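J.: I would like the atomic coordinates for the input below:
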Amino acid sequence: MTDFNELMRQAKQVKDKMEQAKQELAATVVVGQSGAGAVKVRMNGSFDAIGVEIDEALQNEDKEILEDLVCAAINDAVRKIEQESRQAMRGMAGFAGLPEGFKFPF
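T.: The predicted structure follows:
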């Protein structure tokens, strides 16, 4: 039978590791791109857009085209952060001794 105190110690370790991974993810910055790099959006791991770069060649483009390119760059950045998050959670599952593919409830 497993010692209850040992289980609690392991649970605290997992919680601490998850908090650390969450902080590291929040500090991560990704760059989403569209239009072959003509539009770039920098986003942190908390899904806050922190910068936008638009190539000068697009300054005279149609408003709708520019809006679509910005949206596509934002979506690209979101997908990259989600991928970073999945990788961090995969590492957490291994640390906690959980099976490959275990999905955390959050």
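J.: Quick check, central residue of this structure?
T.: Most central in the chain under CA atoms, centre = their mean is Ile81, positioned 2.2 Å from the mean C-alpha point.
J.: where's Asn44 relative to Glu19, distance?
T.: When distance is defined by CB to CB, to the nearest Å, Asn44 is 17 Å away from Glu19. Every C-beta, even on glycine, is put in place using the N, C-alpha and C of the backbone.
J.: returning to what we had before: which residues touch the residue nearest to the centre of the chain?
T.: 25, 28, 30, 43, 45, 47 (CB atoms under 8 Å, 6 or more residues apart in numbering).
J.: same question, Ala88
T.: Each residue near Ala88 by CB under 8 Å, 6+ apart is listed here: 21, 24-25.
J.: Could you do Ala49 as well?
T.: Residues 41-43, 74, 77 are the ones in contact with Ala49 under the rule CB under 8 Å, 6+ apart.
J.: In helices, which of those residues appear?
T.: 74, 77 (DSSP state H).
J.: Need the max-distance pair from the contacts of Ala49.
T.: Between all members of those, the longest pairwise span (CB to CB) is found for Arg42 and Ile74 and amounts to 10.5 Å.
J.: so where is this protein shaky, pLDDT-wise?
T.: Residue ranges of the chain with pLDDT under 70: 1-2, 92-106.
J.: And the helices in this structure?
T.: Ranges of helices within the chain are 4-27, 63-95, based on DSSP H.
J.: hmm, back to that, quick check on Asn44 and Glu19: which one has the bigger neighbour count.
T.: Between Asn44 and Glu19, counted using other CB atoms under 10 Å, the more crowded position is Asn44 (17 against 10).
J.: Identify the bridge partners of that one.
T.: Val29 (DSSP bridges).
J.: And it, how far from Ala11?
T.: Asn44 sits at a distance of 29 Å from Ala11 (criterion: CB to CB).
J.: Out of the contacts of Ala49, flag the one nearest to Asp3.
T.: Of all the contacts of Ala49, Met43 has the smallest distance to Asp3: 43.9 Å, by CB to CB.
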